[in-house]
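K.L.:
just coords:
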């Protein structure tokens with residue numbers, strides 16, 4: 001199974017690299033006034049607490065976040081108690097006098113509530129916060145003052161407890177007896193669970209939670225370590241120190257701009273920005289059949305798994321609402337964990353999740369579920385908060401004020417007198433006193449001196465008149481100044497009224513634009529949803545098109561293969577048919593030739609018998625024919641002649657027609673007009689045949705057999721008649737086709753190779769015809785022997801093979 005994430009770290013990754021990739025952007029957003037949430041998620045024993053806290057010598061994400069915060073805002077921190085958190089998740093700013101009184105009251109307490117930076121660091125965690133990287137955020141506003149507040153809570157069995165709350169007898173870890181019940185004594189006070197509320201900005205917060213103002217990394221981590229000792233852990237089969245609750249360490253950063261002089265904090269609550277970073281160490285999901293949990297451990301595991309399941313359900317509903325444009329209610333209130341961070345998932349900050357995986361084979365199923373959920377959370381997008389407006393004061397006030405003070409102190413050291421403002425005021429007063437007439441000497445050296453007192457009275461009267469004139473002029477100036485102030489106030493009021501009217505109009509315009517933006521955003525979401533559906537549909541159609549194209553290509557290739565196979569098979573069949581046809585043609589010609597030879601032999605024998613019979617019948621009884629000797633026959637070979645035509649005294653001989661083997665079938669007898677009549681005894685005759693001179697489709701349609709009479713000149717000069725027979729078939733196109741099956745051959749030849757005597761021209765033979773035509777039967781039988789078709793070759797046998 002393969003999963004994809006933003007970043008994947010190996011087992012040997014350093015804490016610094018993990019911090020730089022995951023937590024550093026969240027700390028920068030915190031300093032710039034934005035909220036952030038970072039939580040670790042995974043199976044129990046997979047290293048979530050180690051990732052968040054770290055180990056001695058190598059601090060985790062939490063101490064590194066604190067160190068980066070104080071490295072960035074160190075020189076710009078406000079004095080303690082200048083910022084004061086209220087009970088409604090807000091912050092107020094106090095003047096320097098109230099803050100000083102708060103500090104004096106705190107210093108007067110016998111035991112300080114918060115650790116001081118001057119105290120010695122606890123060696124138990126000193127190595128964890130000794131970070132040498134000195135990481136700082138970029139673009140820190142130098143005209144602001146900052147204060148850091150931390151709080152530490154845990155969610156145990158779906159109840160929220162404050163880990164920094166002071167109690168007389170460790171309420172988080174009471175003493176238990178063997179019956180698994182708390183020891184009942186007077187000193188034990190059960191811990192009080194806290195309640196979640198919603199502030200005026202719809203952000204969730206824990207009421208009555210202890211929030212400590214810290215001024216250094218050591219002080220903040222000591223507060224965390226104090227609460228970490230109170231966290232609930234237990235020994236299970238899978239982890240010796242298994243977290244039994246979800247812990248949340250909240251870092252709040254309050255910042256406000258300096259006044260125009262760059263000396264004090266601006267006393268306006270609207271200009272105070274409060275941002276927070278929540279570091280969450282989730283308890284591990286586990287199966288009770290593996291941890292062997294019983295009693296309280298079983299109840300704890302059930303609540304842990306239930307809260308994690310609620311977190312997963314909220315993420316899935318958010319993802320469904322964003323992907324498909326639905327408006328399902330997200331069940332935040334089903335668990336305190338999801339209810340506390342509701343505003344983060346609604347878009348009030350950036351959310352980061354670290355998935356811890358243990359490569360043990362026993363955690364295979366749980367790890368698959370964890371990674372499947374973590375991969376699905378990447379598809380959820382949360383809106384980013386809008387940056388707060390600027391205060392409108394001149395930037396760089398702090399450094400200009402510091403430079404002015406440094407220059408003032410330098411001049412003071414050079415002159416060794418009062419500051420420049422007092423010298424200026426002194427010189428002005430001296431110039432004012434110099435306008436008065438000088439006082440005469442007031443020493444009475446003589447008792448009878450009468451001139452000094454009148455002169456003194458005169459000078460004082462002049463001074464008095466000058467003072468009255470100055471006072472009257474001052475009153476006039478004051479009245480004129482008051483008039484100018486009133487006119488200025490009226491102009492300011494009118495300008496404020498006009499400005500308020502313009503602002504009201506601008507606000508109305510902005511409100512209308514916001515409504516229009518919301519409408520357009522809804523329309524955009526709807527269109528995006530439709531576009532997504534169309535893209536999915538197009539993807540499905542493209543996939544179907546690709547599948548059909550592939551199927552078409554495979555079918556066309558298959559058809560091509562089948563066509564090529566068909567062509568090869570046709571060629572092979574044609575070769576086989578041609579070969580078989582040639583073979584059977586040769587066999588048929590051989591059989592026809594054998595049959596033809598057999599019939600010719602029979603016909604010759606019968607002819608000879610008839611001649612002998614005729615001679616016997618026609619010769620006189622008292623005369624015996626002289627038998628020619630064989631020597632004479634050998635000396636004078638007599639040419640073989642055909643049987644003479646019957647004379648007027650001879651009885652007519654009836655020609656016997658050869659009966660066709662297919663007498664019961666209808667034939668087409670095709671006799672071309674160029675054929676010549678023959679004088680052979682055997683003549684082709686087919687009963688009930690349709691005789692045509694040229695083959696026609698009409699005649700072929702009425703018959704199922706076909707016979708063609710073909711004549712050609714043989715090698716010995718005789719006419720050879722061939723009867724080519726075939727079967728008539730109907731074609732698919734409605735026509736007729738003929739397939740030839742056999743050939744019969746009719747031919748006359750001499751059985752001894754002697755030329756046959758031509759038939760006499762005149763029908764009347766001479767008297768000595770019987771003597772000349774006498775032939776020894778024994779001699780002729782020794783030459784011509786009857787043979788059956790297919791027997792061995794003998795005299796007079798010829799093999800005629802003609803192609804079809």
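P.N.:
Sure thing, it's come through. Keep in mind it's a predicted model, so treat the numbers as computed, not measured.
K.L.:
what packs against the helix or strand where residue 700 lies?
P.N.:
Using DSSP states H and E, residue 700 falls within helix 697-702. In terms of contacts (3 or more Cβ pairs under 8 Å, 6 or more residues apart in numbering; DSSP states H and E), helix 697-702 is packed against strand 689-692, strand 736-746. Heads up, the C-betas are built off the backbone N, CA and C, glycines and all.
K.L.:
flag every buried residue along the last one.
P.N.:
Using 16 or more other Cβ atoms under 10 Å as the test for burial, strand 736-746 gives 736, 738, 742-746.
K.L.:
go on, stretch 204-221?
P.N.:
204-206, 209-210, 212-221.
K.L.:
just the ones of these in helices?
P.N.:
The helices, defined by DSSP state H, take in 217-221 from the buried residues of stretch 204-221.
K.L.:
pipe the buried residues of strand 736-746 into JSON lines and attach distance to residue 318 and pLDDT per row.
P.N.:
Below are the buried residues of strand 736-746 laid out as JSON lines (distance: Cβ to Cβ, whole Å; pLDDT from 0 to 100):
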{"residue": "736", "distance to residue 318": "84", "pLDDT": "87"}
{"residue": "738", "distance to residue 318": "87", "pLDDT": "89"}
{"residue": "742", "distance to residue 318": "94", "pLDDT": "90"}
{"residue": "743", "distance to residue 318": "97", "pLDDT": "91"}
{"residue": "744", "distance to residue 318": "101", "pLDDT": "89"}
{"residue": "745", "distance to residue 318": "103", "pLDDT": "88"}
{"residue": "746", "distance to residue 318": "107", "pLDDT": "85"}
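K.L.:
lowest-pLDDT helix or strand in the protein?
P.N.:
Least confident helix or strand of the chain, by mean pLDDT, DSSP states H and E, is helix 769-772 with a mean of 42.
K.L.:
avg pLDDT for the helix holding residue 700?
P.N.:
Averaged across helix 697-702, pLDDT comes to 85.
K.L.:
ok, and for that helix, which residues are buried?
P.N.:
Those would be 699-700, for helix 697-702 by 16+ other Cβ under 10 Å.
K.L.:
residue 30: what's its closest spatial neighbour, skipping adjacent residues?
P.N.:
residue 277 (4.6 Å; Cβ to Cβ, 6 or more residues apart in numbering).
K.L.:
touching, that neighbour and residue 65? I think so.
P.N.:
Yes: if you go by Cβ atoms under 8 Å, residue 277 and residue 65 touch, sitting 6.8 Å apart.
K.L.:
what touches both of the two?
P.N.:
26-27, 251 (Cβ atoms under 8 Å, 6 or more residues apart in numbering).
K.L.:
number of nearby residues for residue 362?
P.N.:
12 (other Cβ atoms under 10 Å).
K.L.:
ok, now how distant is it from residue 46?
P.N.:
12 Å (Cβ to Cβ, to the nearest Å).
K.L.:
low-confidence stretches in the stretch 501-650 of the chain?
P.N.:
In the predicted model, the stretch 501-650 of the chain carries pLDDT under 70 at residues 620-650.
K.L.:
can you pull out the helices in the stretch 451-600 of the chain?
P.N.:
Using DSSP state H, counting those that start in this stretch, the helices of the stretch 451-600 of the chain run over residues 452-618.
K.L.:
residues touching residue 684, list them.
P.N.:
Residue 684 touches 658, 707, 709, 721, 723, 744, 746, counting by Cβ under 8 Å, 6+ apart.
K.L.:
helix, strand, or coil at it?
P.N.:
coil (DSSP: H, G, I helix; E, B strand; the rest coil).
K.L.:
roughly how far apart are it and residue 590?
P.N.:
From residue 684 to residue 590 the distance is 21 Å (Cβ to Cβ).
K.L.:
hmm, back to that, so among the contacts of residue 684, where is pLDDT lowest?
P.N.:
Lowest confidence among the contacts of residue 684: residue 658, with 45.
K.L.:
hang on, isn't residue 708 packed against residue 724?
P.N.:
Yes: judged on Cβ under 8 Å, residue 708 makes contact with residue 724 at a distance of 4.4 Å.
K.L.:
which intervals of the stretch 701-804 of the chain have sub-threshold pLDDT?
P.N.:
For the stretch 701-804 of the chain, the ranges with pLDDT under 70 are 750-804.
K.L.:
contacts only, for residue 368.
P.N.:
By Cβ under 8 Å, 6+ apart, the neighbours of residue 368 are residue 1.
K.L.:
quick check, pLDDT for it.
P.N.:
88.
K.L.:
circling back to that earlier point, among the contacts of residue 684, name the buried ones.
P.N.:
707, 709, 721, 723, 744, 746.
K.L.:
would you mind giving these as CSV with distance to residue 676 added?
P.N.:
Converted to CSV, these look like this (distance: Cβ to Cβ, whole Å):
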residue, distance to residue 676
707, 18
709, 11
721, 9
723, 15
744, 18
746, 12
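K.L.:
measure how buried residue 283 is and give me the count.
P.N.:
27.
K.L.:
Three-state assignment for it, please.
P.N.:
coil.
K.L.:
could you check how far it is from residue 302?
P.N.:
When Cβ to Cβ is the yardstick, residue 283 and residue 302 sit 12 Å from each other.
K.L.:
just checking, next helix/strand downstream of the helix or strand containing residue 146?
P.N.:
Assigned by DSSP H and E, residue 146 belongs to strand 144-156. Next along the chain after strand 144-156, taking DSSP H and E as the criterion, comes strand 159-162.
K.L.:
after that following strand, next one along is what?
P.N.:
In N-to-C order, the element after strand 159-162 by DSSP H and E is strand 196-198.
K.L.:
looking at the contacts of residue 684, which one is closest to residue 244?
P.N.:
Distance to residue 244 across the contacts of residue 684 (Cβ to Cβ) is lowest for residue 707, with 113.1 Å.
K.L.:
need the contact list for the closest one.
P.N.:
Neighbours of residue 707 in contact, by Cβ under 8 Å, 6+ apart: 667-670, 684, 686, 689, 723-726.
K.L.:
quick check, it in a helix?
P.N.:
No: Residue 707: not assigned to a helix; according to three-state DSSP it is strand.
K.L.:
show me what it is bridged to.
P.N.:
residue 669, residue 725 (DSSP bridges).
K.L.:
chain center to stretch 305-313: distance?
P.N.:
With Cα atoms, centre = their mean, to the nearest Å as the basis, stretch 305-313 stands 27 Å off its chain's centre.
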